[in-house]
Structure formats: structure tokens, C-alpha cells
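# pasted the sequence and its predicted model underneath.
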Amino acid sequence: MARRERVMRMSVELPLWRALAGYRVLTMLYAVGFFATAYDGFARPWVAVGYYCVLFVWTVATLPNVASAASCTKPFLAADLTIALTGILLTTVADAHERIQSGGPTLPSIWTAGSVLAFAIKGGWRWAAFASTAVAVANLVERGTPARDTIHNVVLVWVASIAIGYVVEVARASERTLARALEIEAATRERERLARDIHDGVLQVLAMVQRRGAVLGGEAAELGRMAGEQEVALRTLVAGGLVPPSRVSQDAADGAVVRVVEEQPVEQTGPVDLRSLLAPFAAARVNLAEPGAPVLLPAPAAKELAAAVGAALDNVRRHAGEDARAWILVEDEPDEVIITVRDDGPGIPEGRLAQAEGEGRLGVAQSIRGRLRDLGGSAELISTPGQGTEVELTVPKEKNVRRGKAEQR
């Protein structure tokens, strides 16, 4: 079955395009009607008749071009503005000089504003500024002198078109934001549905396999152990949430179009949730307890702290054995973040750490304490032979936040 691409279309521009189409027709009829009432006052009426015939045909024939942003192309806009400017300049040929000097309207009259508005709706305030400036120059050339009423009309068209163009840009940005929010909401609902299905089916089966394997022993016990690890990993994934695919919004004929896109990974420099970096450590024999709210730290500090936790778990596997259990506890205090890594291994004999450091084995000294020292924190190791080992990692928040801001600068 062919996969269908889900595209969400929405637009607040469509009413603007419909209003523009109606405005062009009405103002064209107004210009023709005004000419008909003042026919006797024109010096060369046949020039005006020829222009109005072109204007009528052009306005009716190009109604589909002002139906949407996609159909309103740059060539159309250029041709439309050319017809408006030509009509303004032809006024000096068709109309009497006295009527022009007395403030008589140009041949296209207020139809010209429709051409400028098309630029505004299509390209925003910059395009509107370009078109209205061209109309302003043509009006000043047609009048000959910068009369008061001409300047008033020019400034009115210029300000109104730029304002409308700016409003259109804001509306498009709002469309893109709303479209992305709706897509994220839909993805969240789908994620919750999948989480329910997984919890009701897969997780329960894996838990049952783990229990039965432990009872049967032998190869079944190994299978149960693997099922337990997969259960923990899958539970962590479900709890953390499936990251929805990135989306971008594109302007199309019916408005904003949201499509799934691929994004290249980028190095994150802002605050990150420490829980997302610790989640991969959770396994069948590693229990992770964390706050329900995000634990935010600058990216470099969070990565170093997570690496220190990883080093502590490596020590557990290396010295306490693969069967040892470990517990990770994350505490988000107002001024600091505390992570405790505890295991049920045999513990570390007294003096063993100093001996290992003297032999050049710097796992605890560099991988754990060195990282915490660089972050302005501390690493305390408590071990009692026969009772396991506990590593407490403490990182101050304020110092690392200031350091993260300085690195961003």
C-alpha cells in the first residue's frame, strides 16, 4: 500500500486574496464609469478608451492570478504594475492639462492600489515599499509638480501598503507557529497511544520472560536476563518519549504547509536535561531514580557529569563483576545537582585507591574526580568491605550556568 504524505494546510491569507480580487474588479468598473461621465472633458478620449479596454480584459483574465500566493507569480506582478504605471503616465496624453493640474484622477484611478496590494500580500512590506515607490514616482511625473493632494495620496498608498505587507508577514509567522504546534500535539497523542500499547503488550511479555527464565535456570536464565535488559531499555524509551521528527512550514497556495524534514545533528550549547544523558545507563542491573522535572545544566557540564557516572558504572562492572547491581540516584537541589552511584559489590579494601593511583591507574582520580574538579564540584567515595561502594558526585549550578553563558558568548 502506497504511503501517503500527511500535509496540514491552513491559511489566513485566503480572505485577503479574495478581497483583492473583488477590489480589482470594483475599482476597474469605477475607473471606467468615471471616464464615461467625464468623456467630454478628455482631450484625446480614444487613448483612454483603448487603455480601458486593455484594463478590462487584463483585470478579468487575471482573476485566477490573484486567487492565492502560489498563482500570483513575479512575472504577473511585474506586468500588473506596468499596466498601472502606463495608465498613470498616459493620463497626460488622454486628459486635458487643466484637469490634470486641478487634481483630476489618473486613468487607472484607485485601481492602482490593487496592484500595490498584490505586492504587499505576496512578498510583505519590502515588496510593498518597492511597488508603492514606483507608483509615487509615476504620479509625480504625471502631475508635473509635487502638489499637496498628490503627495497626500502618494503617502497614503505608501503607508497603507507597507502596513498591510507587515501584517501579512506576521500572519504567516503565526501560521507556521500554529501549524508546528498542532503537529507536535498530534505526535504527542500518537506517542501516548503507542506507549499504552507497548505497556499493555511488549513490556508485560518481557517481564514474564525474565521471571520465567530466572526460575528455569540454564539458557533460559540468560534469555530472561536479556529480556530484562530490553524491558528496561524499552521502558526508558517510552518514559522519555519518542522525539517527533523535525518539521518546517512552507507557504503554498492554501497557506502554510508543514512537512517532515531531515535535520543534521548540531552541537548543543544551551541547557540540556541531564536525565536524557543518564537514561542510556539504565539496564536490568542498573536502577535509575530521577526527578520528574527536567534537570537542566549547561551542555558541557551535563556531558562531563554523565561521563563521570559512566566511569563509576565501569568501575562497578570491572571490580564488582557483571552480576553486581547498581543504583543511580539524581537529586536536583536549588544550588547543586547531586548524583549518587551505589553498588552491592564487595567494596574497596582500605588503601586500594591510593595504591592504584601510585601504579598509574587513574580511573577514579581522573575520570571521576578530575571531571568534577573541573566543574567546580566534588566526588566523594565511600566504601566498606563487604557492603558495596557509594560514589557521590556534586556539581554547583550557579558556577556552571555562568560558565555556560560565557562559552556561548
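Looks like it came in fine.
# which stretch of helix or strand covers the spatially closest residue to Ala307 that is not a sequence neighbour?
Leaving out its chain neighbours, the residue that sits closest to Ala307 by C-beta to C-beta, 6 or more residues apart in numbering is Arg371, at 6.2 Å. Where C-beta positions appear, they are placed from N, C-alpha and C, glycine not excepted. Element membership for Arg371, per DSSP states H and E: helix 371-374.
# again with Val395
Using DSSP H and E, Val395 maps to strand 389-396.
# what's the spacing between that strand and its chain's center?
The chain centre lies 37 Å from the centre of strand 389-396; the measure is C-alpha atoms, centre = their mean, to the nearest Å.
# which residues sit against that strand?
Here strand 389-396 makes contact (C-beta atoms under 8 Å, 6 or more residues apart in numbering) with 297, 301, 305, 308-309, 312, 315-316, 320, 335-343, 345, 347-348, 368, 372, 375-383.
# which ones among these are found in helices?
Cross-referencing the contacts of strand 389-396 against helices under DSSP state H gives Ala301, Leu305, Ala308, Val309, Ala312, Asn315, Leu372.
# let me know the pLDDT of the fourth one.
At Val309 the predicted local distance difference test score is 90.
# so what's the nearest residue to Val141 once chain neighbours are set aside up against?
With C-beta to C-beta, 6+ apart as the criterion, Val141 has its nearest non-adjacent residue at 6.7 Å, and that residue is Leu89. With contacts defined as C-beta under 8 Å, 6+ apart, the neighbours of Leu89 are Ala138, Val141, Glu142.
# so where do the strands sit in the stretch 1-150 of the chain?
Under the criterion DSSP state E, counting those that start in this stretch, the stretch 1-150 of the chain contains strands at 8-10.
# no, scratch that, I was asking about the stretch 151-300 of the chain
Using DSSP E, counting those that start in this stretch, strands in the stretch 151-300 of the chain cover 247-252, 255-260, 271-273, 286-289, 296-298.
# quick one, helices of this protein?
Using DSSP H, helices in the chain cover 14-37, 45-61, 74-94, 97-101, 111-123, 125-143, 148-200, 202-216, 219-240, 274-278, 299-315, 352-358, 371-374, 397-408.
# the longest one to helix 14-37, inter-axis angle?
So that's helix 148-200. Interaxial angle of helix 148-200 relative to helix 14-37 (axes from the mean of the first three to the mean of the last three C-alpha atoms, to 10 degrees): 160 degrees.
# what angle sits between helix 148-200 and helix 111-123?
Interaxial angle, helix 148-200 versus helix 111-123 (the same axes, to 10 degrees): 30 degrees.
# what's the burial count for Val137?
Using other C-beta atoms under 10 Å, Val137 is surrounded by 13 other residues.
# and the gap between it and Ala131?
Val137 sits 11 Å away from Ala131, going by C-beta to C-beta, to the nearest Å.
# check contacts around the nearest residue to Phe56 once chain neighbours are set aside.
Nearest residue to Phe56, sequence neighbours excluded (C-beta to C-beta, 6+ apart): Met28, at 6.4 Å. Contact analysis of Met28 by C-beta under 8 Å, 6+ apart lists Leu55, Phe56, Thr59, Trp111.
# closest to Trp127 among those?
The closest of the contacts of Met28 to Trp127 turns out to be Trp111 (C-beta to C-beta; 18.5 Å).
# leaving out sequence neighbours, find the closest residue to the closest one.
With C-beta to C-beta, 6+ apart as the criterion, Trp111 has its nearest non-adjacent residue at 4.2 Å, and that residue is Thr27.
# pLDDT below threshold where in the protein?
The model of the chain has pLDDT under 70 over residues 1-12, 146-150, 191-201, 203-204, 234-269, 349-367, 399-409.
# hmm, 50 instead?
1-10, 242-266, 358-363, 365 (pLDDT under 50).
# who wins for neighbours among the contacts of Leu89?
Highest neighbour count within the contacts of Leu89, by other C-beta under 10 Å: Ala138, with 21 neighbours.
# hang on, that one packs against Ile88?
Yes: counting by C-beta atoms under 8 Å, Ala138 does reach Ile88; the two are 4.3 Å apart.
# quick check: neighbours shared by the two?
Going by C-beta under 8 Å, 6+ apart, no residue sits against Ala138 while also sitting against Ile88.
# show the buried residues in the contacts of strand 389-396.
Among the contacts of strand 389-396, those classed as buried by 16 or more other C-beta atoms under 10 Å are 297, 301, 305, 308-309, 312, 315-316, 320, 336-337, 339-343, 345, 347-348, 368, 372, 375, 377, 379, 381, 383.
# what does stretch 42-61 contact?
The contact list for stretch 42-61 (C-beta under 8 Å, 6+ apart) reads 24-25, 28, 31-32, 35, 39, 80, 83, 86-87, 90, 93-97, 107-108, 111.
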